[in-house]
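Chemist: Pasting the sequence and the predicted model now:
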Amino acid sequence: MEKVICYGCGAEIQTQDPKAPGYAPASALEREEVICKRCFRLKHYNEVQDVDLTDDDFLRMLNQIRDTDGMIVKVMDIFDFNGSFIQGLPRFTGNKPIILVGNKVDLLPKSVNHNKVKQWMRRLAKEQGLKVNDVFLVSAKTGEGMEEVAGSIEHQRRGKDVYVVGCTNVGKSTFINHLIQDSTGEKEAITTSYFPGTTLGFIDIPLDEKASLFDTPGVINRHQMAHYVSEKDLKVITPQKEIKPRVYQLNEDQTLYFGGLARLDFTKGEKHSFVCYFSNQLNIHRTKLEKADELYETHLGELLSPPDQDTKSKLPPLKAQSFQVLEDKTDIVFSGLGWITVPHGGVTVTAHLPEGVRVSLRSSLI
Ligand code: GDP
């Protein structure tokens, strides 16, 4: 097939992967001037859509930001803080002001103290070497906290450009679309602008005569569960509403299955409670450790679901990793899926996750 280029952003048109740059439905190819879906939405609806970026493209993009003057707004998913952190970002930010936006606050149980979460975000950012000027908790979906963050951006940018960065799936598009709706600026002026060397334009949203807010393409973080499951299963594992913690009192040698996507074995310790923070839609199944393997072999995709057939065909095999949880109030985090709070230290557990999906320990968020 002859190479076709989107006249909006310059990406090569493809009809296979709706999440990758240059996607257009096959029917669009019949037109004289072909435009990709992302540019189409932008042109006709002033709506930004995220696309996935390869690592090379991403590094080129960060380099572009390094050489500019302006501020950075880093959007993260508080439900998947570690998974949605952009590794390497601190090397490219220089002395630019950075604000950290924790999105999806509507998912946190109401009892959670927001100030504590912000402190915790600051601490984790610092551990990753990122110096942030301010931290916000928002829900791009409900609008909670959006006014405050918009005010802070306006104050801190000092007339300069704003770069919004984030991994895919953190809600960056929803966040920006909310900002656009709230701004009174000339909406027709939204365009894609080229930066030399990038295959993909940054979306340029004018803030005043001199400066713009740039939506940068979303980065794929391969440790996130989202990249291993089908569209349908993603809906099940992505929390839609406030998370209801589910508490299990486990004895030694008991196992919890999270659908059939992950598993936690309690291998050593006194009877103990495990507080699970996952999408309310995701089934948690308790069983005896000695029966766990057999259950997986015979009931994967049925009693233990998701995965559906589609996910099963691409899901890497589960890989076991053992941990000794020493500290009280520790979270065991399954990147992009959820976490389990262990109230008291002194237990040994084994986590099983699809190879490639990260498991980590942190001091408890809640
Ligand atoms: P992007 O890939 O970072 O641009 O993310 P999107 O804006 O496409 O959002 C990814 C998913 O998160 C979608 O299913 C959104 O509906 C959802 N989402 C975005 N913002 C929020 C939020 O504030 N709360 C909740 N609960 N979901 C959100």
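Modeler: Cool, the structure landed.
Chemist: Pull out the buried residues from the longest helix anywhere in the chain.
Modeler: The residue-count maximum for a helix in the chain (DSSP state H) belongs to helix 114-127. When neighbours are counted by 16 or more other C-beta atoms under 10 Å, the buried residues of helix 114-127 are found to be 117-118, 120-122, 124-125. The way it works is simple: take the backbone N, C-alpha and C, and place the C-beta from them, glycine included.
Chemist: need the residues of the stretch 151-300 of the chain near the ligand, please.
Modeler: 166, 168-174, 218, 238 (C-beta under 6 Å from any ligand atom).
Chemist: repeat that with 5 Å
Modeler: 168-174, 218 (C-beta under 5 Å from any ligand atom).
Chemist: Just after the longest helix of the chain, pick out the following helix or strand.
Modeler: Sequence order places strand 134-137 as the next helix or strand after helix 114-127, per DSSP states H and E.
Chemist: so what's residue 229 closest to, chain neighbours aside?
Modeler: residue 311 (4.6 Å; C-beta to C-beta, 6 or more residues apart in numbering).
Chemist: tell me what the helix or strand harbouring the one you found is packed against?
Modeler: In this assignment (DSSP H and E), residue 311 forms part of helix 309-314. If you count contacts as 3 or more C-beta pairs under 8 Å, 6 or more residues apart in numbering; DSSP states H and E, helix 309-314 packs onto helix 231-237.
Chemist: CA atoms only: put the helix it packs on into CSV for me.
Modeler: Presented in CSV, the C-alpha positions along helix 231-237 are these (Å, rounded to 0.1, in the frame of the first residue of the first chain):
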residue,chain,number,x,y,z
GLU,A,231,-10.9,-4.0,26.0
LYS,A,232,-13.7,-5.8,27.8
ASP,A,233,-11.6,-7.0,30.7
LEU,A,234,-10.1,-3.5,31.0
LYS,A,235,-13.6,-2.2,31.8
VAL,A,236,-13.8,-4.8,34.6
ILE,A,237,-10.5,-4.0,36.2
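Chemist: Wait, residue 37 touches residue 20, no?
Modeler: No - Residue 37 is beyond contact range of residue 20, at 10.7 Å (criterion: C-beta atoms under 8 Å).
Chemist: Put the alpha carbons of stretch 76-91 into CSV.
Modeler: As requested, the backbone C-alpha atoms of stretch 76-91 are provided in CSV (Å, rounded to 0.1, in the frame of the first residue of the first chain):
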residue,chain,number,x,y,z
MET,A,76,-0.9,10.6,37.4
ASP,A,77,-3.4,8.0,38.3
ILE,A,78,-3.5,7.9,42.1
PHE,A,79,-5.0,4.4,41.9
ASP,A,80,-1.8,3.3,40.1
PHE,A,81,0.7,5.8,41.3
ASN,A,82,3.9,3.7,40.7
GLY,A,83,2.6,2.4,37.4
SER,A,84,1.8,5.8,36.1
PHE,A,85,5.1,7.4,37.0
ILE,A,86,7.2,8.4,34.0
GLN,A,87,10.7,7.0,34.6
GLY,A,88,13.4,9.3,33.4
LEU,A,89,11.3,12.4,33.6
PRO,A,90,13.5,14.1,36.3
ARG,A,91,16.4,14.1,33.8
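Chemist: what about it and the ligand, any contact?
Modeler: No - with C-beta under 5 Å from any ligand atom as the criterion, the ligand is not reached by stretch 76-91; the gap is at least 7.6 Å.
Chemist: just how off-centre is that stretch within its chain?
Modeler: Chain-centre distance of stretch 76-91: 8 Å, with C-alpha atoms, centre = their mean, to the nearest Å.
Chemist: tell me the pLDDT at whichever residue of the stretch 201-350 of the chain sits closest to the ligand?
Modeler: Distances between the stretch 201-350 of the chain and the ligand by C-beta to the nearest ligand atom are smallest at residue 218, namely 4.8 Å. Per-residue confidence at residue 218 stands at 72 (pLDDT).
Chemist: In the sheet, which residues pair with it? Tell me.
Modeler: Beta-bridge partners recorded for residue 218 (DSSP bridges): residue 52.
Chemist: That one contacts residue 172, correct?
Modeler: Yes - using C-beta under 8 Å, residue 218 is in contact with residue 172, at 5.8 Å.
Chemist: For residue 130, which non-adjacent residue is closest in space?
Modeler: residue 90 (4.8 Å).
Chemist: Would you verify that residue 205 is located in a strand?
Modeler: Yes - counting by DSSP: H, G, I helix; E, B strand; the rest coil, residue 205 is found in a strand.
Chemist: for the closest residue in space to it that isn't next to it in sequence, what are its contacts?
Modeler: Spatially, and ignoring its direct neighbours in sequence, residue 205 is nearest to residue 213 (4.5 Å; C-beta to C-beta, 6+ apart). Listed by C-beta atoms under 8 Å, 6 or more residues apart in numbering, the contact set of residue 213 reads 153, 161-164, 176, 179, 204-207.
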